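Chemist: Below: sequence and its predicted model.
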There are 2 protein chains.
Amino acid sequence: MRRRGQDELRRFLLDTAGRLLAEEGPAALTMRRVAAEVGCSTTVLYTLFGGKDGLAAGLYREGFARFQRRFQDLPPSPDPIARIRALSAAYRAGALAEPHYYRVMFLGAIPGFSPGPDDQAVGNATFQYLIDAAAAGMAAGAYRPGDPAAVAQVLWAAAHGVISLEVAGVFGPEGADQRYADATGAATAWFISSDGSDGAG
Amino acid sequence: MRRRGQDELRRFLLDTAGRLLAEEGPAALTMRRVAAEVGCSTTVLYTLFGGKDGLAAGLYREGFARFQRRFQDLPPSPDPIARIRALSAAYRAGALAEPHYYRVMFLGAIPGFSPGPDDQAVGNATFQYLIDAAAAGMAAGAYRPGDPAAVAQVLWAAAHGVISLEVAGVFGPEGADQRYADATGAATAWFISSDGSDGAG
DNA sequence: ACTCGTGGATAACGACGTTACACCAACCTT
DNA sequence: AAGGTTGGTGTAACGTCGTTATCCACGAGT
């Protein structure tokens, strides 16, 4: 295992951990198991990640990086509402494509781990896409003026609420699509400037 | 510990486990620790609960029982929309009053535990309050006709989305109230019969 | 009083996260 | 080029976890 290049080894370990998580669930994500899987000892994991929390944080950031990539690859749209819709769809697509990462990021899938402040900062950076879209919507007059972050948070909460229930198996497989459309549609409509109820506080 | 009455002992153990969870977090919820706390051996826990999963399931059901009590104690309201609002408020009040139970029920706070089908049935029974309220709203003409369970699920997702982000510390303490009002208000408004968009699929 | 059966305490097993220690390869000095 | 130094790696151990096999004490039945 010597001299493999630290970064390369780190990535290899992270990929192995992600694979274990996807294939066998959080119970299989063990320091000993990851080490055995790549054929090194546990010491390497501790020098590269500092402990199981560090490994979990690596997976957490990796999950957000994948989300970010999805948002980045979205074709730009002049219509702010369509942009919000596209971001919502990409969010759910990402969550369902790799639910094990979504569970790590938002559902506490790795037993002892909760993200530290700098880990959460990575998450917030990804979240910025949604805030920007809300701000653009306000600038274009599609949304009532207000705090774009507040709009983005409500939209995020709606999306996250449906997806976390969906991942938990609450909906039948046929109902989840409509629940997601309703929840994100309701949140979007709530802030559209035509009606006069209070919002965007 | 002999002859204390099985049910009484079971309740004592469950209360102790809940207290440990609330005071010291999920890491303190250990079979050994619970046994030491009540002054018996771990064997009792295994005969009464079958294992840590059984203890976790007991806490899961206890959490839903407390939610159910809150819903039950709500004064009846002739206005279906006000009823929905009251249920939403009670839901958040319950979640914030005892967040450790909320985490067990919906956020996977206890490492290895995920509820079995019969545990989830208990949860769905509590959920019935919301479905009934939605059905009453439809019967009164306040909601567009459709599947009451679908309306309830979207409302639940909105509430759960905000609360789980709130419990995770995403919002500042000042913003959470408004986010919750927006998210549940948006979900409620979405199904009200005045506008003509598609919903309640 | 004696036996039997039930149920709790003790202590062990395997697996976990973590780390002290020993070792060896690579680099720097001369 | 040879030897000392440094830092990364493997081995093996520690303490704790969930779980359980074993043993023992107490109450019931005769």
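Modeler: Cool, got the structure.

Chemist: Which residue does chain A have closest to chain B?
Modeler: Closest residue of chain A to chain B, Cβ to the nearest Cβ: residue A:161 (2.6 Å). Every C-beta, even on glycine, is put in place using the N, C-alpha and C of the backbone.

Chemist: Which residue, neighbours along the chain excluded, lies closest to that residue?
Modeler: In this structure, residue A:161 finds its nearest non-sequential neighbour in residue B:161, 2.6 Å apart by Cβ to Cβ, 6 or more residues apart in numbering or on different chains.

Chemist: any idea which element that neighbour lies in?
Modeler: Assigning secondary structure by DSSP states H and E places residue B:161 in helix B:148-167.

Chemist: Show the secondary-structure elements that the following helix or strand past that helix is packed against.
Modeler: Counting by DSSP H and E, the next helix or strand C-terminal to helix B:148-167 is helix B:175-191. Helix B:175-191 is packed against helix A:148-167, helix A:175-191, helix B:80-97, helix B:148-167, with contacts defined by 3 or more Cβ pairs under 8 Å, 6 or more residues apart in numbering or on different chains; DSSP states H and E.

Chemist: How far off centre is the lengthiest helix in chain A?
Modeler: Of all segments of type helix in chain A, defined using DSSP state H, the longest is helix A:117-139. Offset of helix A:117-139 from its chain centre (Cα atoms, centre = their mean, to the nearest Å): 12 Å.

Chemist: List the buried residues in it.
Modeler: For helix A:117-139, a neighbour-count test (16 or more other Cβ atoms under 10 Å in any protein chain shown) marks A:119-120, A:122-123, A:126-127, A:129-131, A:133-138 as buried.

Chemist: try stretch A:73-88
Modeler: For stretch A:73-88, a neighbour-count test (16+ other Cβ under 10 Å) marks A:80, A:81, A:83, A:84, A:85, A:86, A:87, A:88 as buried.

Chemist: Show me what it is in contact with.
Modeler: Stretch A:73-88 is contacted from outside by A:71, A:90, A:129-130, A:133-134, A:136-137, A:140, A:142-143, A:155, A:159, A:180, A:184, A:188, A:192, using Cβ atoms under 8 Å, 6 or more residues apart in numbering or on different chains.

Chemist: What's the end-to-end length of that stretch?
Modeler: 14 Å (Cα to Cα, to the nearest Å).

Chemist: Okay, angle between the longest helix of chain A and helix A:148-167 too, please.
Modeler: If you take axes from the mean of the first three to the mean of the last three Cα atoms, to 10 degrees, helix A:117-139 sits at 110 degrees to helix A:148-167.

Chemist: Does anything pack onto helix A:117-139? Which helices or strands?
Modeler: By 3+ Cβ pairs under 8 Å, 6+ apart, helix A:117-139 packs against helix A:52-72, helix A:80-97, helix A:148-167.

Chemist: Now do it against helix A:52-72, angle only.
Modeler: Between the axes of helix A:117-139 and helix A:52-72, defined by the same axes, to 10 degrees, the angle is 20 degrees.

Chemist: Looking at helix A:117-139 now, give me its mean pLDDT.
Modeler: Taken as a whole, helix A:117-139 carries a mean pLDDT of 94.

Chemist: Need the phi and psi values for residue A:143.
Modeler: Here is the backbone geometry of residue A:143 (degrees, to the nearest 10): phi -100, psi 150.

Chemist: which residues of chain A score low on pLDDT?
Modeler: Scanning chain A for pLDDT under 70 picks out A:1-4, A:194-201.

Chemist: one step back: closest to DNA strand C out of the helices and strands packed on helix B:175-191?
Modeler: Closest of the helices and strands packed on helix B:175-191 to DNA strand C is helix A:148-167, at 22.7 Å (criterion: Cβ to the nearest atom of the strand).

Chemist: any residue of stretch A:32-49 up close to DNA strand C?
Modeler: Yes. Counting by Cβ under 7 Å from any atom of the strand, DNA strand C is contacted by stretch A:32-49 at A:32, A:33, A:42, A:43, A:46.

Chemist: Show me which positions of that stretch end up buried.
Modeler: In terms of neighbour count (16+ other Cβ under 10 Å), stretch A:32-49 has its buried residues at A:33, A:34, A:35, A:37, A:38, A:40, A:44, A:45, A:48, A:49.

Chemist: what's it in contact with?
Modeler: Residues outside stretch A:32-49 that contact it (Cβ under 8 Å, 6+ apart) are A:1, A:6, A:9-10, A:12-13, A:16-17, A:20, A:31, A:54-55, A:57-58.

Chemist: give me that answer again for 10 Å
Modeler: Contact partners of stretch A:32-49, identified using Cβ atoms under 10 Å, 6 or more residues apart in numbering or on different chains, comprise A:1-2, A:4, A:6-7, A:9-10, A:12-17, A:19-21, A:24, A:27-28, A:30-31, A:51-52, A:54-58.

Chemist: Now, of those residues, which are buried?
Modeler: A:9-10, A:12-14, A:16-17, A:20-21, A:31, A:52, A:55-58.

Chemist: surely residue A:104 meets residue A:26?
Modeler: Yes. With contact defined as Cβ atoms under 10 Å, residue A:104 and residue A:26 form a contacting pair (8.3 Å).

Chemist: quick one: which of the buried residues of stretch A:73-88 is nearest DNA strand D?
Modeler: Among the buried residues of stretch A:73-88, and counting by Cβ to the nearest atom of the strand, the member closest to DNA strand D is residue A:88, at 39.3 Å.

Chemist: Settle this for me: residue A:118 is touching residue A:54, isn't it.
Modeler: No. At 11.9 Å, residue A:118 does not count as touching residue A:54 under the criterion of Cβ under 10 Å.

Chemist: Please report the number of neighbouring residues for residue A:168.
Modeler: With neighbours defined by other Cβ atoms under 10 Å in any protein chain shown, the count for residue A:168 comes to 16.
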